[in-house]
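K.L.:
next one to model:
(2 chains)
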Amino acid sequence: EAGVTQSPTHLIKTRGQQATLRCSPISGHTSVYWYQQALGLGLQFLLWYDEGEERNRGNFPPRFSGRQFPNYSSELNVNALELEDSALYLCASSSGYEQYFGPGTRLTVT
Amino acid sequence: AQSVTQLGSHVSVSEGALVLLRCNYSSSVPPYLFWYVQYPNQGLQLLLKYTTGATLVKGINGFEAEFKKSETSFHLTKPSAHMSDAAEYFCAVTYDNTDKLIFGTGTRLQVFP
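P.N.:
The predicted structure is shown next:
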């Protein structure tokens, strides 16, 4: 069974640009979660999508947004990038209470 | 607010020694509890979970954890550390089986030969 996949592995952007990160869940999982792991800030919940709808949102500004497609894959968009957005972005999928994580996308903002 | 506390950001043990990583949660309702491990430059791997039932749960790689409601704790243990256990370990909790995970700040485990 294939695990959660994320692309790209690394992404380098400059301040003010937009970044798009992608996630494909485990087959059969309808929920996708996004977390940010920034240096010194730990793992923080960003967004939760289920059946194409945004179900919950963490304490992040509106420039962090996303969507879930009919095949349950998901996209995270970060607009107007700031230096402090540099982090590892982890996607997880779930069909219940267990969340399975992908390898992450390392976003570097210069 | 719901929170998870991991005591000790760094723990060092000798190979073959007992591993004990501490986790306490704040909650007035029964939680679902998890331990994840993160190896360098990788995502999180689920080690074990507690949902309901038996309070001593066994996970992968010889790890186990015990849910103690009276102490609001879910400490992770392994009887004998291996060099390959060196990684960062995260305790997490959720109070709704489909909602977000709340993570502790992590404990970096070092294993010395």
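K.L.:
show me the contacts for residue A:108.
P.N.:
A:10-13, A:86 (CB atoms under 8 Å, 6 or more residues apart in numbering or on different chains). Where C-beta positions appear, they are placed from N, C-alpha and C, glycine not excepted.
K.L.:
between those, which is closest to chain B?
P.N.:
residue A:10 (10.2 Å; CB to the nearest CB).
K.L.:
burial count for the nearest residue to that closest one once chain neighbours are set aside?
P.N.:
Among residues not flanking residue A:10 along the chain, residue A:106 sits closest, at 4.9 Å (CB to CB, 6 or more residues apart in numbering or on different chains). A total of 16 residues lie near residue A:106 under the criterion other CB atoms under 10 Å in any protein chain shown.
K.L.:
what pLDDT does the model give residue A:106?
P.N.:
For residue A:106, the model assigns a pLDDT of 96.
K.L.:
please, which helix or strand holds the spatially most central residue of chain A?
P.N.:
Residue closest to the average C-alpha location in chain A (CA atoms, centre = their mean): residue A:34, at 3.6 Å. In the assignment (DSSP states H and E), residue A:34 maps to strand A:31-38.
K.L.:
now do the strands in chain A.
P.N.:
A:5-7, A:10-13, A:19-24, A:31-38, A:42-50, A:53-57, A:64-68, A:74-78, A:87-94, A:100-101, A:105-109 (DSSP state E).
K.L.:
residues near the nearest residue to residue A:52 once chain neighbours are set aside, how many?
P.N.:
Spatially, and ignoring its direct neighbours in sequence, residue A:52 is nearest to residue A:68 (5.1 Å; CB to CB, 6+ apart). Residues near residue A:68, counting by other CB under 10 Å, number 23.
K.L.:
residue A:68 reaches residue A:32, doesn't it?
P.N.:
Yes - using CB atoms under 8 Å, residue A:68 makes contact with residue A:32 at a distance of 5.9 Å.
K.L.:
list residues touching both of those two?
P.N.:
A:49-50, A:74.
K.L.:
so which of those are also by chain B?
P.N.:
residue A:50 (CB under 8 Å from any CB of the partner chain).
K.L.:
follow-up on the earlier one: now for the strand holding residue A:34, which elements pack on it?
P.N.:
Contact partners of strand A:31-38 among helices and strands, from 3 or more CB pairs under 8 Å, 6 or more residues apart in numbering or on different chains; DSSP states H and E: strand A:42-50, strand A:74-78, strand A:87-94.
K.L.:
most packed of the ones you listed?
P.N.:
strand A:87-94 (a mean of 24; mean count of other CB atoms under 10 Å in any protein chain shown).
K.L.:
ok, that strand: who's next to it in the sheet?
P.N.:
strand A:31-38 (antiparallel), strand A:100-101 (antiparallel), strand A:105-109 (antiparallel) (DSSP bridges).
K.L.:
residue contacts, residue A:83?
P.N.:
Counting by CB under 8 Å, 6+ apart, residue A:83 has contacts A:15, A:109-110.
K.L.:
buried ones among the residues you listed?
P.N.:
For those, a burial check counting by 16 or more other CB atoms under 10 Å in any protein chain shown picks out residue A:109.
K.L.:
columns pLDDT and distance to residue A:61 on top of the contacts of residue A:83, output as a markdown table?
P.N.:
Formatted as a markdown table, those follow (pLDDT from 0 to 100; distance: CB to CB, whole Å):
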| residue | pLDDT | distance to residue A:61 |
| --- | --- | --- |
| A:15 | 98 | 15 |
| A:109 | 98 | 15 |
| A:110 | 97 | 20 |
